[in-house]
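Asker: Sequence plus predicted model, see below.
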Amino acid sequence: MDSTTTGAPVLRLRGIRKTFGPKVAIDAMDLEVTAGEVHALCGENGAGKSTLMNILVGIHQPDSGEITVRGRPERIDGPAGASRLGIGMVHQHFTLVPSMTVAENIYLGRQPRRWGLLADRRAMRRAAGELLERYGFPLDPDQKVGELAVGQRQRVEIVKALAFDAEILILDEPTAVLTPAEVDELMDVIAGLRERGRTVLFITHKLREVKAVADRVTVIRHGLSVGTRDTEGLAESEIAGLMVGRSVFMADRRQTTAGAFDGAPALLELDAVSCENAEGRRTLDEVALTIRPGEILGIAGIEGNGQTELAEAVTGLRRVTGGRVLLDGRDLTSATPRERREAGTAFIPEDRLDRGLSPEMSVAENLGASNYRRAGLVRRGMVSQSALRAYASGRITEFDIRGAQPDTPVGTLSGGNMQKVVVARELAREPALLVVAQPTRGVDIGASEFVHRQILAAAGRGTAVLLISSELSEVLALSDRIGVMLQGRLVEVIDTAEATETRLGLAMSGATGDGTGGPGTDDAGGTTSHAGTGTERKAAS
Amino acid sequence: MSGFTSAVLIQTVPVLLAALAAMFTQQARILNVAVEGMMLMAAFVAIAVGQITGSVGVAVLAAVGAGVLMSLLFGIFTLRLNANPLVAGLGINLLAGGVTVFLLERVYENPGGLRPDEFPELWSVSGDWLRAIPFVGPALDGQSVIVLLALALVPLSWLLLYRTPIGYAMRAAGEDEHAARAAGISVGRARMTAVLLSGLLGGLAGAQLSMAALHFFLPDMTSGRGFLGLAAMLFGGATPAGSLGASTLFGVAGAAGDRLQGGAIPNQLVLAVPYIAAILALTAARMGLFRKIRSARRSRTAQEAADGVAV
Amino acid sequence: GGESGGGAKSASDFDAAYVMSDNLGDKGFNDSAAAGFKKAEDEGVGTKLLQASPSDPQTWRQNLEEVSGSGKYDLIFTGPGMHDNLAAVAPQHPDQKYVFFDDELDAPNVLSVRYAQNEGSYLAGILAATASKDTTSFPLSKNTDKVGVVAGQDLPGIQDFIVGFKQGVAQVDPAMKVQVSFVGNFNDAQKAYDLTKTMYQGGTDVVYNVSGPAGLGILKAAADTGHYAIGVDSDQNSLYPKNVLASMLKQIGTSVHASINQAKDGEIEYGKTVIYGLDNDGVDLVYNDALVPDSAKKAVSDARTDVVDGKVKVASVLK
Amino acid sequence: MTTTPTTSTTGPGLAPKPPGPQGPAGPTESARRIREIWVSVRKPLFSVALTLVLGFGIVLLVSDQPLHAYEQLFVANFSTPANFGNLLMRSAPLLLIALGIVFSFRAGVFNVGGEGQLYVGAVAAAATGLALPGLPGPLLITACVAAGVVAGALLAWIPAILKVTWGVDEVVITLMLNFIAILFTSYLVANPLRDPEAYGATSRMLPEQSWLPAIPGLPTGNIGFVIALLLVPAAWLLLFRTVWGADLRAAGTNLRFAETVGVRGRREIILSMLLSGALAGVAGAVYVLGTGHRFEQNFSPEFGLIALTVALLARLHPVGVLLTSLFYAAMLNGAAYMQIATNVPRSLVSLLTGLLVLLMTVEVRRRRRRGQAKEVSA
Ligand SMILES: Nc1ncnc2c1ncn2[C@@H]1O[C@H](COP(=O)(O)OP(=O)(O)OP(=O)(O)O)[C@@H](O)[C@H]1O
Ligand SMILES: Nc1ncnc2c1ncn2[C@@H]1O[C@H](COP(=O)(O)OP(=O)(O)OP(=O)(O)O)[C@@H](O)[C@H]1O
Ligand SMILES: [Mg+2]
Ligand SMILES: [Mg+2]
């Protein structure tokens, strides 16, 4: 199997069409994948990438079209069928059961049996251990998946997909939730798979990754393939152009001179703010920072180092156990989220389906939430429906929210367009302080660009911005200053001009190169950042 | 003492079976309020069939079959027709009440109940080995097979749930539908299996109720035991051992309540004891769980549970 | 039940309707009444029995209004729980005649019929206490000086049974204890069974069933544990012939049949109340002859004579 | 739709802009509304039709006059003013409880405790009426209704506070509280409130000035129904046209979202439950003041349970609740007329009700599927 000659299509799709009710998700899709290649799929949010891959593993059935696997036309009626054909998939949203162990997850739905009835757990554990070892993943087969970090979970997903000798592995946006170091490791894993003769189909919004690992790339737009190219010698801008049908502005570095905000009064000031979880462990440890009007403070860091807590502490969604939060000199430490919003805070949360939106409610109501009075939609105590609809239509046009009518339930929009709804709602508040977490996670380049522009524009109007992102390029592109979070502490704050990816990367990992950080990281962090933290501490006190 | 233990046991078993019934569906993420109706239907069929055939075995099988049939109906409505499980379950209960009285009225021309003059005795189990079991042994002696079966079903359902592929499938379908589907599990089938299992157990509960001691059927004779089972299951964290513990607690509350009767406390309040116990127990369990969740690493499902969005 | 299917009035020369606040099949009040109607029907009377959910007063009212307004019935019977409804409806139909069971209403077109369940229960108490003491004639007794009542719900009508029973027990032995438990409803036979078993385990010799349908559980518990019980409402002696000593009956069917015949003959005095008690066989204790020896019967019949003669007044919770 | 580069770098203004290309215009707007309503009612209508057909099949089996029976089921309700009044009185408690349920369900709280809240509302109204016999009518009625409101709301507050504080499942708590409330009220009516003159378990009769006046022309209908009717538009406005309603629905669909945009989710959940319990309490008070004139131990044929299905069949919409509760009331009362006029047994009605409840729910979730609807059982 491994020695399939290159050039022979292992997988061929012809005229695949898939509709959801009136919505055409995939129009007439053609795709050819050569055995042994790493094939990237790119396209805007909602272009139909995930849907297409779900068809390949039998989760969806196409309305029409033909799938050929190794030259034979096939009907794939479910993940089990796909697995029989040697197709495995790692989904965009993890498909692991947190309460089950790594081994149990890998063999979920296809456990080896004992006495015909019981699942043979010993065999599962042993086989899982062997698999993990074969792919070089240092994981304990008996550990509960719920206890694993995101990157580790993804490995479980990959092993799960490969467990039954999947020849074709589909990865749907595997890097969206990974840290830079984890992304690099994943790229190595993919390269390793290619060496083992596997075919990899790989969806990503990050063109750098396409260049780094893919042999060929197919771009999808509006459910149609707009072309397949060799990545060799292909410019990122060319892929971007294919994707959105125009050239895109790629935010580079923000052109502010160092020290431009020196001396300006702070809008947001955190004074040794701490949070604890119920076990008493500090998830946020005496964080001190200031942001001035018009300034963008970027926070880089590996996920789980207190960024979420920081955002929630500032927005009042998490109780702080120590320190003070000051907005424009006002002590808001014990203010509720509502009071903070009234005081001028806006928040674009990291997970739009979790905190950002109410999927079942309409676009208009999601846009209107918390803005009704502000936007003058309340007449005589009642929300004027015509005004609300007009308001929503205005935002939809202005923010180019695709596929949305005021009455459309937000949950049916694609990820990028959902994100635009959140951004539109929060910016409509003309906030004094904007807290943004992972603003472009899973968002296509066109939409990312748009969101970036909006953030810059808000700062241009004098909004102080706290930008949290695990995407170093994003932080570097937008921030005036950059702080790094490590184990709940803000270990370094430097001007963007002085920042490089390497320097930030080192600070993020505690300079030991060990992603999870070790006990010795404090000192190491100190050595790279004493200057930055020093000034910041001074500014804060 | 043995009298009390045996009273507790008798009161525990129907609730335990109902709890186990609701547990399977709960693991597959369906709140099963229909256990009450399944029990009622089974209780009726047990007597009706026992009267005709004179055979205990056939009667029990028929009762279980009736429970399964009701659960199938519940499953079709909730899983195939997307009915809200809460309302569909209450609808099943209404239907069971309606059908039993309707049949009593049309077939037996006695809407008040069905009491055959002759009814076969449900097999009971006794023996020295049984009495030798510490604490519960003497109380177990002479109990119906269903009582022993119910107790045996606690480890058996644990085995089914945590050690068999179908158990894995049900739990996965309940915990993360997408994950289950991606693993090639037919979520619909897994859930349906859970629902049918609950019908089986609900059927046993009904058979125990009408066949073990009474040998007759009365309309509404389940009197909320299915709901108590549901509460016990939730209190027990939807696990077999937890369900056993919680059902036993309710059994103790019930038996103790019976002994409080005739005392200074008004009888209506004594009768409320198991329900009050259920509320207190559930709250206490959640308070404990809540603390655990808050201290657990922040995962999304846990957070949802803490926020009371999910059960 | 006997239903004449809404036929026109001409189908029979006398038509009677019974508006219930419960269903048939209670093996008690309604079934007993239904037996009376059946007997009348066999004699050519048109009858219509209207059941209703016991927890739906609005339907009771609706049914009463509907049959009263239809003008089809020569006599309308109604019973427990209907006081307010009848009080509202009867004056609106002054030409319509009513018989009101088990309660009282002062209206010119209503005959009220009451049953002295306290008197019947008094006899049950005498028997229970006698059986408890006399262990030779009643070998299942242990002379524990304890008897009990397992009742359905805590309702005035049910309390009337209980006070009568207690008085009967006290008549035999003032020191004897009477334990009372409530099932909470009239359907949960298993609960009745459990409560009764608990009582027997606590040393009670005889339990009196005041639980309606659920009372079958009481009798079953007596049979399963080898104790005595006293039945109620219908003759339950044959259900468990080794354990049921007697049954306390309210002869509702008899009174229904009698009322219909009196009405046909124009002999009813509306606006009055008739009390069916021990003196006119409206309530009675029927023995299980295999279990109750003549000595015990004698004690009971002496007590009955005292009540009929007015020497003993049985207390009642009802006015 | 071609993609156009977004050039706007200026901040979005707050004033509503004139409607864009897809903005609604006059006639299309009303057409859209009509279509919307049709879409929302056609599935419930289908369920009703299906139930009626199935029910007819059963009546066909058991009755020799199936047509007459079915005619009675519906026509008799409208044949006399008295019958029509009965119909309204039957629907009043359903309507009130179901309106309350709409609020709690919209806020994401599955209040199954309507029955218990109804009972405590009724008993509180009765107790108040008996305690203050000297008050003039309007004042006494107000006091009784207020007592019902408070009692119902208090009972609903228990599961609400348990839910927001510890995430205790409200379904089971409200179910258990139903049993407790009914036992508690039966204690009251057997002891302090008992009418020693009465043969049944009822409270003493309330003073006559507390009885709700009849609707003119409908001797059997009282203004209790009018109260309920007026609450329909009020509930609709509150739910769909006020910011509070939007907040409540936000909390019901995604609590974490609600919290994030500054909705006081916990507060809205508690408020919705208080409102829900209060409305069930009003239903109890209306029953006592309007129909029973005293508290009767078993006065409810599971109004709380039926109201639950009314609310869900109505897709948690107040207008739908009005129509649906009238429909159910017609079914329930019609069944009684059917029994009087034909030989169809009463038990058929409970059978049909069960069937109806089941069939009705089939459509309920359809709409919840859009978006990542959280399941009831989740
Ligand atoms: N189950 C569904 N029901 C209705 N519409 C759906 C469903 N699944 C996907 N869609 C729609 O189909 C279109 C394609 O979605 P898909 O998830 O394939 O996009 P994608 O290319 O993977 O986007 P992204 O980059 O955001 O992941 C979108 O418009 C989406 O809203
Ligand atoms: N079941 C119904 N019965 C009668 N009218 C209804 C019903 N459902 C909706 N309508 C009408 O349709 C219109 C649209 O409903 P509205 O947008 O107010 O609520 P909805 O769409 O039901 O709620 P949601 O916010 O959950 O989508 C309303 O004006 C209402 O009058
Ligand atoms: Mg996708
Ligand atoms: Mg996406």
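Answerer: All right, it came through fine. Ligands and ions are numbered 1, 2, ... in the order given.

Asker: and A:Leu413, how far is that from ligand 1?
Answerer: Plainly put, A:Leu413 is 6 Å away from ligand 1 if you go by C-beta to the nearest ligand atom, to the nearest Å. All C-beta spots, glycine's among them, are computed from the backbone N, C-alpha and C.

Asker: surely that residue meets A:Ile396?
Answerer: No. Counting by C-beta atoms under 8 Å, A:Leu413 stays clear of A:Ile396, with 10.6 Å between them.

Asker: Name the residues contacting each of those two.
Answerer: A:Val363, A:Ala404 (C-beta atoms under 8 Å, 6 or more residues apart in numbering or on different chains).

Asker: So is the helix or strand encompassing D:Leu67 next to chain B?
Answerer: Assigned by DSSP states H and E, D:Leu67 belongs to helix D:66-79. No. Helix D:66-79 is not in contact with chain B by C-beta under 8 Å from any C-beta of the partner chain; minimum separation 14.7 Å.

Asker: How about the following helix or strand past that helix and chain C, touching?
Answerer: The helix or strand immediately downstream of helix D:66-79 is helix D:81-106, counting by DSSP H and E. Yes. Counting by C-beta under 8 Å from any C-beta, chain C is contacted by helix D:81-106 at D:Ala82, D:Asn86, D:Met89, D:Arg90.

Asker: Would you mind checking which of those residues is nearest to C:Tyr240?
Answerer: Ranked by distance to C:Tyr240 (C-beta to C-beta), these are led by D:Arg90 at 43.2 Å.

Asker: can you pull the contacts of the closest residue in space to the closest one that isn't next to it in sequence?
Answerer: Take D:Arg90 and drop its neighbours on the chain: the residue closest to it by C-beta to C-beta, 6 or more residues apart in numbering or on different chains is D:Ala329, 3.9 Å away. Applying C-beta under 8 Å, 6+ apart to D:Ala329 gives the contacts D:Leu87, D:Leu88, D:Arg90, D:Ser91, D:Leu94.

Asker: Could you list the low-confidence segments of chain D?
Answerer: D:1-29, D:361-378 (pLDDT under 70).

Asker: On the three-state scheme, the residue nearest to D:Arg90 is what?
Answerer: When states are read from DSSP: H, G, I helix; E, B strand; the rest coil, the local structure at D:Ala329 comes out as helix.

Asker: How much space separates it from ligand 3?
Answerer: Remark: distance between D:Ala329 and ligand 3 (C-beta to the ion, to the nearest Å) = 49 Å.

Asker: same thing with A:Ile291?
Answerer: From A:Ile291 to ligand 3 the distance is 34 Å (C-beta to the ion).

Asker: Ok, C:Thr305 next?
Answerer: Applying C-beta to the ion to C:Thr305 and ligand 3 gives a distance of 94 Å.

Asker: Need the three-state assignment for that residue.
Answerer: C:Thr305 is classified as helix under three-state DSSP.

Asker: Show the contacting residues for it.
Answerer: C:Lys311.

Asker: Just the pLDDT for it.
Answerer: Note on C:Thr305: pLDDT of 95.

Asker: same check, this time on C:Ser21
Answerer: So C:Ser21 comes in at 87 (pLDDT).

Asker: Identify the residues contacting the residue of the stretch 1-150 of chain C found nearest ligand 4.
Answerer: Going by C-beta to the ion, ligand 4 is nearest to C:Ser55 of the stretch 1-150 of chain C, at 54.5 Å. In this structure, C:Ser55 makes contact with D:Asn298, D:Phe299, D:Ser300, D:Pro301, D:Glu302, judged by C-beta under 8 Å, 6+ apart.

Asker: In chain D, which helix is the longest?
Answerer: Longest among the helix segments of chain D by residue count, using DSSP state H, is helix D:26-62.

Asker: do that helix and chain C meet at all?
Answerer: No. Judged by C-beta under 8 Å from any C-beta, helix D:26-62 stays clear of chain C, getting no closer than 12.6 Å.

Asker: what residue ranges in the chain are flagged as low confidence?
Answerer: Here I'm looking at chain A. In chain A, residues with pLDDT under 70: A:1-7, A:246-260, A:278-279, A:511-541.

Asker: Can you look at chain C instead?
Answerer: C:1-11, C:319.

Asker: Could you pick out the residues of the stretch 51-200 of chain D near chain B for me?
Answerer: D:62, D:108, D:110, D:112, D:162-164, D:166-169, D:171-173, D:175-177, D:179-180, D:183-184, D:186-187, D:190-191.
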